[in-house]
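Trainee: Fold the following for me, if possible:
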Amino acid sequence: MVQENYGAVRFSVGGVIGAGVSIVLRNVLKLLAISFLMSIPITVLAGLFVATLPIGFSALQSGVRADFSELSDATKVLFALLFVGIFLTYFAIQAAVNYAAFQNLRGERVGIGACMRRGLAAMPRVVVACIMLALMMIGIGIAVSIVMILITAVISLSGPSTGGGIAIGLLYGVGFFGIFIFMFIIWWVFIPAIVVEDAGPVACFGRSRRLTKGHRWGILGILALVFLANIVAGLVVSVFARLGLPVVASVLNLIVSLFFAALSSVLAAVGYYYLRAEKEGFGIGDLAGVFD
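Mentor: As a prediction, this is how the structure comes out:
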């Protein structure tokens with residue numbers, strides 16, 4: 001449990017990762033169960049989508065691709081619902097896991113049902129926030145594309161250049177990726193803000209931006225370390241596939257994916273707590289006041 005002397009709590013990469021990993025390891029089965037149960041509707045929807053494809057499931061497994069231009073209207077609708085559902089389910093699970101993490105920070109045991117109810121209770125605000133997030137990302141993508149088109153037009157007027165085209169492509173890729181990483185960092189704790197503060201779908205983004213200010217390089221470090229650990233774990237799992245154990249590799253790959261999904265959600269919750277503890281004197285007792 002995080003120390004109760006919250007006046008001494010300071011945000012740090014090691015502190016957040018250490019507390020987050022500890023929470024996940026103590027509650028790994030519970031967190032996996034939450035993720036599985038809240039994913040059942042999407043799993044069913046995915047099954048219905050696959051069942052309506054013109055090719056069989058075995059052919060899909062073997063790598064045969066369906067021609068989406070030949071899909072029925074019902075299949076296209078299912079695909080759209082599945083895409084949106086996956087997006088929303090991810091954030092609903094994150095809200096439920098955030099609640100479990102906060103209760104663990106308090107030293108309280110919490111049931112799977114309570115976590116799911118808390119996650120579902122936050123869904124109306126989470127859905128609106130997710131829609132806004134998607135619109136903002138689309139807007140950013142359009143803005144970056146317009147800027148790159150203008151840059152390309154200016155360079156084209158100066159004469160053809162193969163090297164210039166490559167440079168533009170690299171600039172576009174780096175710029176696009178960099179902007180999205182930056183936005184992910186400043187909005188890292190918008191879900192915890194909804195879960196703990198009942199922040200609205202607009203206020204949660206501003207709240208996250210204010211809390212992360214001054215610690216964004218540290219947050220980038222946390223995200224980078226988790227990303228690298230995920231890659232290393234994936235490489236280790238791939239060894240089993242090369243050894244001719246595809247079933248073992250598939251099971252381990254699922255476990256690794258769920259573990260890092262849970263870890264990412266828990267780290268956001270722990271990071272939120274540390275940021276508020278350092279900046280606002282928010283402590284364990286304040287969490288009790290929120291949830292009791």
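Trainee: State the number of residues packed around Glu197.
Mentor: Neighbour count for Glu197, taken as other C-beta atoms under 10 Å: 14. C-beta: built from backbone N, CA, C; applies to glycine.
Trainee: Check the one 4 residues further on too.
Mentor: Residue crowding around Pro201 was assessed by other C-beta under 10 Å; the count is 18.
Trainee: remind me which residues of the stretch 101-250 of the chain are low pLDDT?
Mentor: Filtered on pLDDT under 70, the stretch 101-250 of the chain yields the residue ranges 155-169, 171.
Trainee: Repeat the analysis, applying 80 as the threshold.
Mentor: Residues of the stretch 101-250 of the chain meeting the criterion pLDDT under 80: 109-110, 141, 144-145, 147-176, 241, 245-247, 250.
Trainee: Start from the N-terminal end of it and give the helices.
Mentor: Counting by DSSP state H, counting those that start in this stretch, one finds helices in the stretch 101-250 of the chain at the ranges 112-121, 123-157, 162-186, 190-197, 203-212, 216-242, 246-280.
Trainee: between the last one and helix 216-242, how big is the angle?
Mentor: With axes from the mean of the first three to the mean of the last three C-alpha atoms, to 10 degrees applied, the angle from helix 246-280 to helix 216-242 works out at 170 degrees.
Trainee: which helices and strands does helix 246-280 pack with?
Mentor: helix 13-26, helix 28-38, helix 73-105, helix 190-197, helix 203-212, helix 216-242 (3 or more C-beta pairs under 8 Å, 6 or more residues apart in numbering; DSSP states H and E).
Trainee: give me that answer again for 10 Å
Mentor: With contacts taken as 3 or more C-beta pairs under 10 Å, 6 or more residues apart in numbering; DSSP states H and E, helix 246-280 sits against helix 13-26, helix 28-38, helix 73-105, helix 190-197, helix 203-212, helix 216-242, helix 284-291.
Trainee: follow-up on the earlier one: just the helices of the stretch 101-250 of the chain: most buried one?
Mentor: helix 190-197 (a mean of 25; mean count of other C-beta atoms under 10 Å).
Trainee: How far off centre is that one?
Mentor: Averaging C-alpha coordinates over helix 190-197 and over its chain gives two centres that are 14 Å apart (C-alpha atoms, centre = their mean, to the nearest Å).
Trainee: then that helix to PDB, C-alphas only?
Mentor: The C-alpha trace of helix 190-197 is given here as PDB (Å, rounded to 0.1, in the frame of the first residue of the first chain):
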ATOM      1  CA  PHE A 190      -8.400  11.600 -17.700                       C
ATOM      2  CA  ILE A 191     -10.100   8.300 -16.800                       C
ATOM      3  CA  PRO A 192      -9.000   8.400 -13.100                       C
ATOM      4  CA  ALA A 193     -10.300  12.000 -13.000                       C
ATOM      5  CA  ILE A 194     -13.700  10.700 -14.100                       C
ATOM      6  CA  VAL A 195     -13.600   7.800 -11.600                       C
ATOM      7  CA  VAL A 196     -12.500   9.700  -8.500                       C
ATOM      8  CA  GLU A 197     -13.700  13.300  -9.100                       C
END
